[in-house]
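K.L.:
need coordinates for the following:
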Amino acid sequence: SYLKFLNALPDRRRRQLRDGDWDTFEGQFFEEWARDSHVVPAFDIPKHWPRARAADYGSAAPWACLWGAWEPETGDCYIYRERYGAGFSPQQQGRMAKEASVIERADGSKIKETYFASVGDPSVFSNSRGQGKSIADLWREAGFTVSRAKNARVAGWANMRQYLWDHEKDNGDLPAGGPRLFVFDTCPDLIRTMPLQQRDKDNPEDLNTKLDDHAADACRYLLNLRPLQAGPSTRAPKTGQSLDQRFTFRLRQFDKKHRNRRQGWT
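P.N.:
Alright, predicted model coming up:
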């Protein structure tokens with residue numbers, strides 16, 4: 001009887017009390033995020049997978065740098081490394097990114113990773129400090145060279161949501177798709193801050209920039225390097241990840257399709 005009571009609760013409350021998913025709350029920006037779906041144990045990234053880096057600048061506020069790799073056959077992205085923290089100078093940030101950009105072999109030796117792109121927050125290219133050098137210049141002198149990231153926020157968040165849950169993905173017995181973004185469990189700050197993002201009250205399609213959004217911004221820059229092609233179903237209302245939500249969503253699509261057909265026949 002208690003299980004029936006939990007199943008009858010609204011979706012968000014049901015995920016909290018029945019599934020133990022306390023990453024969900026009212027006003028959450030990334031409703032598609034689910035720790036069980038998106039966080040995976042770390043593994044060795046195959047050498048042939050394309051890799052990229054993306055960084056969001058911060059000084060008193062945290063800076064965030066993420067490393068991602070794409071599985072060639074599926075197009076799924078795996079974020080496999082992060083550097084994050086506040087109080088670091090641009091030179092320190094550049095050195096941290098450079099030192100982390102290596103592959104450690106079994107014998108303890110290290111080889112330099114290669115990337116098809118390294119991008120940074122567009123603000124790092126301005127000389128607002130008045131010292132003749134931008135943040136990007138200081139990063140480059142420390143060994144971390146980036147180009148300007150695409151900064152279309154609303155389109156970037158839409159692409160990120162599709163990575164979080166792609167309704168077109170062939171996922172076996174789950175007709176409503178599946179995740180295209182996976183985060184290694186060795187990236188605690190991205191995992192911690194992703195579910196905390198909230199909608200901007202004045203612009204619900206954007207997130208509240210007063211929160212700790214630095215890792216989310218870096219993730220947006222990274223995923224914009226390989227945007228997913230948005231199909232018709234990705235513009236449909238969000239359905240979440242529970243099985244009953246997916247069934248309801250597909251049932252509505254089926255009813256709408258046949259209703260349109262009947263109207264056409266008349």
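K.L.:
where do the strands sit along this protein?
P.N.:
39-40, 51-56, 63-70, 77-85, 102-104, 110-112, 117-120, 147-148, 181-184 (DSSP state E).
K.L.:
let's have the ones you listed in CSV, adding mean pLDDT and mean neighbour count.
P.N.:
Where C-beta positions appear, they are placed from N, C-alpha and C, glycine not excepted. Below are the strands of the chain laid out as CSV (pLDDT from 0 to 100; neighbours: other Cβ atoms under 10 Å):
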stretch, mean pLDDT, mean neighbour count
strand 39-40, 96, 16
strand 51-56, 98, 24
strand 63-70, 98, 25
strand 77-85, 97, 21
strand 102-104, 91, 12
strand 110-112, 91, 10
strand 117-120, 98, 21
strand 147-148, 97, 12
strand 181-184, 97, 22
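K.L.:
out of those strands, which comes closest to Y163?
P.N.:
Closest to Y163 of the strands of the chain is strand 181-184 (Cβ to Cβ; 3.9 Å).
K.L.:
could you check how far that closest one is from the centre of its chain?
P.N.:
On the basis of Cα atoms, centre = their mean, to the nearest Å, strand 181-184 is displaced by 8 Å from the centre of the chain it belongs to.
K.L.:
tell me what it is packed against?
P.N.:
helix 35-38, strand 39-40, strand 77-85, helix 153-164 (3 or more Cβ pairs under 8 Å, 6 or more residues apart in numbering; DSSP states H and E).
K.L.:
sorry, back to before: mind giving me a markdown table with the strands of the chain and columns for distance to G132?
P.N.:
Shown next, in a markdown table, are the strands of the chain (distance: least, Cβ to Cβ, whole Å):
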| stretch | distance to G132 |
| --- | --- |
| strand 39-40 | 43 |
| strand 51-56 | 22 |
| strand 63-70 | 22 |
| strand 77-85 | 27 |
| strand 102-104 | 31 |
| strand 110-112 | 30 |
| strand 117-120 | 19 |
| strand 147-148 | 19 |
| strand 181-184 | 38 |
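K.L.:
D217 is nearest to which of those strands?
P.N.:
strand 51-56 (4.2 Å).
K.L.:
now the closest one - C-alpha only, PDB.
P.N.:
C-alpha atoms of strand 51-56 as PDB (Å, rounded to 0.1, in the frame of the first residue of the first chain):
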ATOM      1  CA  ARG A  51      39.300  14.500 -27.100                       C
ATOM      2  CA  ALA A  52      38.800  18.200 -26.300                       C
ATOM      3  CA  ARG A  53      39.200  20.600 -23.400                       C
ATOM      4  CA  ALA A  54      37.000  23.600 -22.200                       C
ATOM      5  CA  ALA A  55      37.600  26.100 -19.400                       C
ATOM      6  CA  ASP A  56      35.500  28.800 -17.700                       C
END
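K.L.:
which neighbours does it have in its sheet, and in what orientation?
P.N.:
According to DSSP bridges, strand 51-56 has the following sheet partners: strand 63-70 (antiparallel), strand 117-120 (parallel).
K.L.:
ok, which of those comes nearest G87?
P.N.:
Comparing the strands paired with strand 51-56 by Cβ to Cβ, strand 63-70 comes nearest, at 9.5 Å.
K.L.:
can I get the CA coordinates of the closest one in CSV?
P.N.:
Extracted C-alpha coordinates of strand 63-70, given in CSV (Å, rounded to 0.1, in the frame of the first residue of the first chain):
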residue,chain,number,x,y,z
TRP,A,63,37.5,28.4,-12.4
ALA,A,64,36.6,25.1,-14.1
CYS,A,65,38.4,23.1,-16.8
LEU,A,66,36.9,19.9,-18.2
TRP,A,67,38.3,17.2,-20.5
GLY,A,68,35.9,15.3,-22.7
ALA,A,69,36.1,12.4,-25.2
TRP,A,70,33.6,11.2,-27.8
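K.L.:
I am finished for the moment; much appreciated.
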